[in-house]
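> Sequence and predicted structure below; questions after.
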Amino acid sequence: MPLPPPDPFLRLRARGAATNDPGRFEPYRRQAESDGWDLPEEERLLRTEVSEERPRTVLNPVASPDLGFDRSVNPYRGCEHGCIYCFARPSHGYLGLSAGLDFETRLVARPAAPAVLAREIARKSYRCAPIAFGTNTDPYQPVEARYRIMRRILGLLSDWNHPLGIVTKGTLIERDLDILRDMAARNLVHVGISVTTLDAGLARRLEPRAPTPARRLATIAALARAGVPVRAMVAPLIPVLTDPELERILEAARDAGAAAASWILLRLPHEVAPLFRDWLDRHEPRRAAHVMARLAEMRGGRDYDAEWGTRMTGEGVHADLLARRFALAARRLGLATRLPPTDTTRFAPPPRPDDQLPLF
């Protein structure tokens, strides 16, 4: 059965979660109760709030053998796209906030991130390697239109000839095509665009404030025309719900201009599992049990298994079948499974106005 809303008079417009249970670190829970007065209550619209923080460091070390990078930067905490399946939702628990509605409505921006990053890459001990953006929350979510943190970071990394990779659903990345085009010409940038489904109705329920599938394909096309290497990410692949679309998504991405593709099986760590089960009960009640049973087959009988080596793809007969389908479709469509490495040899401090010109 679907979980009750956090407040019966709270109106949710285009939100992925419908509940706001406290995080796994919180000792107390809140529950709305009637006060006994038979008086009409005023309905309130839940709006997005943004606070700011000044981090001491923004470079996050990454030690996972499942990932192709060893450092990342997150300009924002939380994500207004509201994707119900987002594996990053539990990270809001470290702020004392809920992985449910708080994650998509109580955002944290880090406007000082470019200045802090500049200080970190300027250290003599720093060794250049590609920085990953969008591995936790989307750097091009709607709030970026106001804060422009990613654009300032791109300008910084371009000046230093520092390579990076971006993962996003946000079409706002097209705003920065001028910088990305120039960086791509120096082999300094890759972009991954996540396409979960081609069904606009399903996408609206799964990812209520993310761009439509057709709009994301248009972003792939715009990046490709600008010479930016683009990878289509079928992520997450949801058993029963979206996995029948795998080949069609890859073909649409190839036709749009993607040079490579990848896939990741649905991940439901910590608080994400009950949130996703609640979403299924609300939006896909007839297929809910089938989705979770098929997922359990690929996760060792559980909602999620965080074991390295299998957490991205699952294991067992159905996981192997998905991997084979992806490999066959990618080969047929001429899609690589990874993009060529970016260039780390150009990395150097930008010239200052008072520097001497090189002597010949």
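Sure thing, it's come through.
> Model confidence for the closest residue to Asp343 other than its chain neighbours, exactly?
Nearest residue to Asp343 in three dimensions, chain neighbours excluded: Asn187, at 4.3 Å (C-beta to C-beta, 6 or more residues apart in numbering). The way it works is simple: take the backbone N, C-alpha and C, and place the C-beta from them, glycine included. pLDDT recorded at Asn187 is 98.
> State the number of residues packed around Asn187.
17 (other C-beta atoms under 10 Å).
> Can you classify it as helix, strand or coil?
coil (DSSP: H, G, I helix; E, B strand; the rest coil).
> Give the full set of residues in contact with it.
Contact partners of Asn187, counting by C-beta atoms under 8 Å, 6 or more residues apart in numbering, are Pro163, Pro340, Thr342, Asp343.
> I'd assumed Thr344 was in contact with the first one.
What that stands for is Pro163. Yes - counting by C-beta atoms under 8 Å, Pro163 does reach Thr344; the two are 5.8 Å apart.
> Comparing the two, which residue is more hemmed in?
With neighbours defined as other C-beta under 10 Å, Pro163 and Thr344 compare such that Pro163 has more, 23 against 15.
> Give me the phi and psi for the more buried one.
phi -80, psi 160 (degrees, to the nearest 10).
> you'd agree Leu265 is up against Thr242?
No - using C-beta under 8 Å, Leu265 is not in contact with Thr242, being 10.9 Å away.
> Buried residues of stretch 168-182, list them for me.
Thr168, Lys169, Gly170, Thr171, Leu172, Ile173, Arg175, Asp176, Leu177, Ile179, Leu180 (16 or more other C-beta atoms under 10 Å).
> my read: the fifth one touches Val143, true?
The one in question is Leu172. No - using C-beta under 8 Å, Leu172 makes no contact with Val143, being 9.8 Å away.
> So what's the model's average confidence on the one helix or strand Asp102 maps to?
Assigning secondary structure by DSSP states H and E places Asp102 in helix 101-105. For helix 101-105, the mean pLDDT works out to 95.
> Okay, the nearest residue to Gly68 once chain neighbours are set aside and Glu247: tell me how far apart.
Nearest residue to Gly68 in three dimensions, chain neighbours excluded: Arg338, at 7.4 Å (C-beta to C-beta, 6+ apart). Distance of Arg338 to Glu247, computed by C-beta to C-beta, to the nearest Å: 19 Å.
> how about the strands of this structure, start to end?
Counting by DSSP state E, the chain has strands at residues 10-11, 44-45, 49-52, 60-61, 71-73, 76-77, 106-109, 131-133, 164-168, 189-194, 230-237, 260-265.
> mind giving me a markdown table with those strands and columns for distance to Ala224?
Formatted as a markdown table, the strands of the chain follow (distance: least, C-beta to C-beta, whole Å):
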| stretch | distance to Ala224 |
| --- | --- |
| strand 10-11 | 40 |
| strand 44-45 | 39 |
| strand 49-52 | 32 |
| strand 60-61 | 29 |
| strand 71-73 | 24 |
| strand 76-77 | 26 |
| strand 106-109 | 30 |
| strand 131-133 | 19 |
| strand 164-168 | 14 |
| strand 189-194 | 10 |
| strand 230-237 | 5 |
| strand 260-265 | 11 |
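> Out of those strands, flag the one nearest Ala210.
Among the strands of the chain, the nearest to Ala210 by C-beta to C-beta is strand 189-194 (8.5 Å).
> In its sheet, which strands sit next to that closest one, and in what direction?
Take DSSP bridges as the rule and strand 189-194 pairs in its sheet with strand 164-168 (parallel), strand 230-237 (parallel).
> Give me the buried subset of the contacts of Asn187.
Buried, going by 16+ other C-beta under 10 Å: Pro163, Thr342, out of these.
> Using pLDDT, spot the least trustworthy of the contacts of Asn187.
Lowest pLDDT among the contacts of Asn187: Pro340, 94.
> per-residue confidence at the residue nearest to it when sequence neighbours are not counted?
Spatial nearest neighbour of Pro340, excluding adjacent residues (C-beta to C-beta, 6+ apart): Pro229 at 7.4 Å. Pro229 is assigned 98 on the pLDDT scale.
> thinking again about what came up before, any common contacting residues for Pro163 and Thr344?
By C-beta under 8 Å, 6+ apart, Pro163 and Thr344 have these common neighbours: Cys128, Ala129, Pro130.
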